[in-house]
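Enquirer: I'd like to go over a predicted model; first the sequence, then the structure.
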Amino acid sequence: MNKLFSRRAWCALACLVVLAALLPACNLAFAPEHALHVPDYLVGLAGKFMCYAMAALALDLVWGYTGILSLGHGLFFALGGYAHGMYLMRAIGRDGVYQSALPDFMVFLDWKELPWYWAMTDSFWYCLALVVLVPGALAFVFGYFAFRSRIKGVYFSIITQALTYAFMLLFFRNDTGFGGNNGFTDFKRILGYSITAPATKAVLYLATLGGLVGALLLCRWIVASRLGRVLQAVRDSEARLMFIGYNPLWFKLFVWTLSAVLCAIAGALYVPQVGIINPSEMSPANSIEMVVWVAVGGRGTLLGAILGAFAVNGLKSWFTAAFPDLWLFALGLLFILVTLLMQKGLLGLRLPRRPRRAAAAPRQELEEVA
Amino acid sequence: MKVAQDNRLDTSHGAILYLEDVTVEFDGFRALNKLSLDISVGELRCIIGPNGAGKTTMMDVITGKTRPSSGSAWFGQRLDLSALTEYQIAQAGIGRKFQRPTVFESHTVFENLELAMKMDKRVRPTLFARLGGEQRDKIDAILRQVRLEGQAQRQAGLLSHGQKQWLEIGMLLIQDPQLILLDEPVAGMSDAETARTAELLDELRGKHSIVVVEHDMGFVAEIAQGGKVTVLHEGAVLAQGRMDEVQTDERVIEVYLGR
């Protein structure tokens, strides 16, 4: 494990994790008027951002490392959210507006019983399995046909965009059975605990932190393995890779499916914290926004993806409060500026040391020989 | 994937590659016109011909990039190349160097060779792969062979044009192929680099079967050394024989050398 990061990076990572874990602790431990008290909204915001960061990591794995630009990762994020949301809806029980065992929107549609695909969704663990399996299976099947047909580049991006759009339309329909344009909301409890209780929120926050750190370590391990180098080879010259005996199909499919699953887990962690999931999460703009996070942070660097998710969303939080109508323009401008002026993103500003290190390496080798 | 395990290529008839009446048509244009050719085990064969003679298309057929419209291509006695994909053919033991050097530019020279090395190239073994001492030695040996010692940790994109060509040849050699296809290996090289490449090919002579497609007549004359040279013209074999024979062939002079 030590090889994944340098000793300094491990220390920095540990410090950041402790710091992040202190946020909900300070929220709970100190009274609101205390100087060290962290307000609720800040904890909620940080929890949300960590979910975004996880999605950004997932996207960076396929885009930054493998060169597959997905403009549909919002779909996997939303599907994970919906899968978890199904459990949260069932957990409301008879405490809904209509006091029915069915979710409110089904009562509203005058449905008498749960559709078959809602079977067993009262089980938390079953829904967790759905979080992984449904987006994973969708990504696998979609990826298999797309990659086997050697669909690449902008064509692939457009198809992913169309896919998420199609799903958005599907989920907007009331008859689809996922609450139509209102989606799922008004959650009451999770595993028996009140979902609005500060302690529950703290636990969800910590679970997200754990998820993010786990995702980072997993991605780092993959990227540092020989498979990681194969993925970058897919990005740089897929033809060459085939002519040295690799079948790119399975490598792309592996990373694509894994990325979808990571993104879905992020979505599943997101929904109980924000308390709502609806089809607008599948809108093309959301997926494009994810791409901007990665681009701003620095694609092809895992820390960049995380940094980008925090930076862009931090900016968004401030911007949408100050100039609510202008956010999309600002986002567009940001994307253009990053593409034109800082292609390696925020991390690129800090990393010009890298080529120098590469140039210095042969000398080091000579020393070893001597 | 079964093909990959069949390491013992059946070359009992002495030939490693047969092309029989291979025709490739693109929208009515015949890039290859009933081309028949065979390469013997251990042979170094030079293939020359004017632009558009079908040299690169022939390479594409052998490596699975292009499917023949008719005719067949055999590797050894049993492997029908027209039924295999690019990566299966590479695993079966045919290595190809492209006309333009293609290496993985963001990887180091060492990593380029590591990726190319002969091994199980499926997803799971790749994820858990660790480099053994023996494999490191092998990479070092190849680095020396292609004159890139001391460059191991250099990013491949920073190499000179000639060094990239050598790295690409190194990436072929480390796969331990039985047949090596080199598409214009000295294109764009300086005279010194060309001379070193000729030396390198000389070292490989006899250890691998090699097919060199080349424009540079001086280079062909130097490496053919009394071996067979094939002249392609309009997708078919125009003449075949020793370099001096080919050079004096009337038809060859007419279509190619005389110009």
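Expert: Now that the structure is in, tell me what you want to look at.

Enquirer: what about the helix or strand containing A:A58, average pLDDT?
Expert: Per DSSP states H and E, A:A58 falls inside helix A:40-60. Averaging pLDDT along helix A:40-60 yields 95.

Enquirer: same question for stretch B:79-96.
Expert: 92.

Enquirer: mind listing the helices for the stretch 1-150 of chain B?
Expert: With DSSP state H, counting those that start in this stretch as the criterion, the stretch 1-150 of chain B has helices at B:2-5, B:55-63, B:86-92, B:109-116, B:123-128, B:133-145.

Enquirer: what does the fifth one contact?
Expert: Okay, so that is helix B:123-128. Contact with helix B:123-128 is made by A:I222, A:S225, A:R226, A:L227, A:V230, A:W250, A:F251, A:F254, B:M119, B:D120, as judged by C-beta atoms under 8 Å, 6 or more residues apart in numbering or on different chains. C-beta: built from backbone N, CA, C; applies to glycine.

Enquirer: and the one helix or strand the fifth one maps to, anywhere near chain B?
Expert: By that I understand A:V230. Element membership for A:V230 (DSSP H and E) is helix A:226-243. Yes: interface with chain B: helix A:226-243 contributes A:226-227, A:229-230, A:232-233, A:236-237, A:239-243 (C-beta under 8 Å from any C-beta of the partner chain).

Enquirer: ok, of those, which come out buried?
Expert: Neighbour counting with 16 or more other C-beta atoms under 10 Å in any protein chain shown marks A:R226, A:L227, A:R229, A:V230, A:Q232, A:A233, A:D236, A:S237, A:R240, A:L241, A:M242, A:F243 as buried within the residues of helix A:226-243 next to chain B.

Enquirer: beyond the helix holding A:A58, next helix or strand please.
Expert: Next along the chain from helix A:40-60, counting by DSSP H and E, comes helix A:73-91.

Enquirer: now that following helix: average pLDDT?
Expert: Mean predicted lDDT for helix A:73-91 stands at 97.

Enquirer: OK, contacts around residue 132?
Expert: Defaulting to chain A. A:V261, A:A264, A:I265.

Enquirer: relative to A:C263, how far out is it?
Expert: Distance, A:V132 to A:C263, using C-beta to C-beta, to the nearest Å: 11 Å.

Enquirer: centre-most residue in chain A?
Expert: A centroid search over chain A (C-alpha atoms, centre = their mean) returns A:A55, at 1.5 Å, as the residue closest to the centre.

Enquirer: right, and that residue touches A:F77 too?
Expert: Yes: counting by C-beta atoms under 8 Å, A:A55 does reach A:F77; the two are 5.3 Å apart.

Enquirer: so what's in contact with these two at the same time?
Expert: Counting by C-beta under 8 Å, 6+ apart, the contacts common to A:A55 and A:F77 are A:C263, A:A266, A:G267, A:M290.

Enquirer: burial of the second one, as a residue count?
Expert: A:A266 sits with 28 neighbouring residues when counted by other C-beta atoms under 10 Å in any protein chain shown.

Enquirer: what about it, which SS state?
Expert: helix (DSSP: H, G, I helix; E, B strand; the rest coil).

Enquirer: returning to what we had before: would TSV of the helices of the stretch 1-150 of chain B with mean neighbour count be doable?
Expert: As requested, those are exported to TSV (neighbours: other C-beta atoms under 10 Å in any protein chain shown):
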stretch	mean neighbour count
helix B:2-5	12
helix B:55-63	23
helix B:86-92	24
helix B:109-116	25
helix B:123-128	15
helix B:133-145	15
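
Enquirer: rank the ones you listed by pLDDT, which is bottom?
Expert: Among these, helix B:2-5 carries the lowest mean pLDDT, a mean of 41.

Enquirer: thinking again about what came up before, mind exporting the helix holding A:A58 as CSV, just the C-alpha atoms?
Expert: Extracted as CSV, the C-alpha positions of helix A:40-60 are listed here (Å, rounded to 0.1, in the frame of the first residue of the first chain):
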residue,chain,number,x,y,z
ASP,A,40,-25.4,22.6,9.8
TYR,A,41,-25.4,24.0,6.2
LEU,A,42,-21.7,23.8,6.0
VAL,A,43,-21.6,20.1,7.0
GLY,A,44,-24.4,19.4,4.5
LEU,A,45,-22.5,21.3,1.8
ALA,A,46,-19.3,19.5,2.4
GLY,A,47,-21.1,16.2,2.4
LYS,A,48,-22.6,17.1,-1.0
PHE,A,49,-19.3,18.2,-2.4
MET,A,50,-17.7,14.9,-1.4
CYS,A,51,-20.3,13.0,-3.4
TYR,A,52,-19.5,15.2,-6.4
ALA,A,53,-15.8,14.6,-5.8
MET,A,54,-16.5,10.9,-6.0
ALA,A,55,-18.4,11.3,-9.2
ALA,A,56,-15.5,13.4,-10.6
LEU,A,57,-13.0,10.6,-9.6
ALA,A,58,-15.2,8.1,-11.5
LEU,A,59,-15.3,10.3,-14.6
ASP,A,60,-11.6,11.1,-14.5
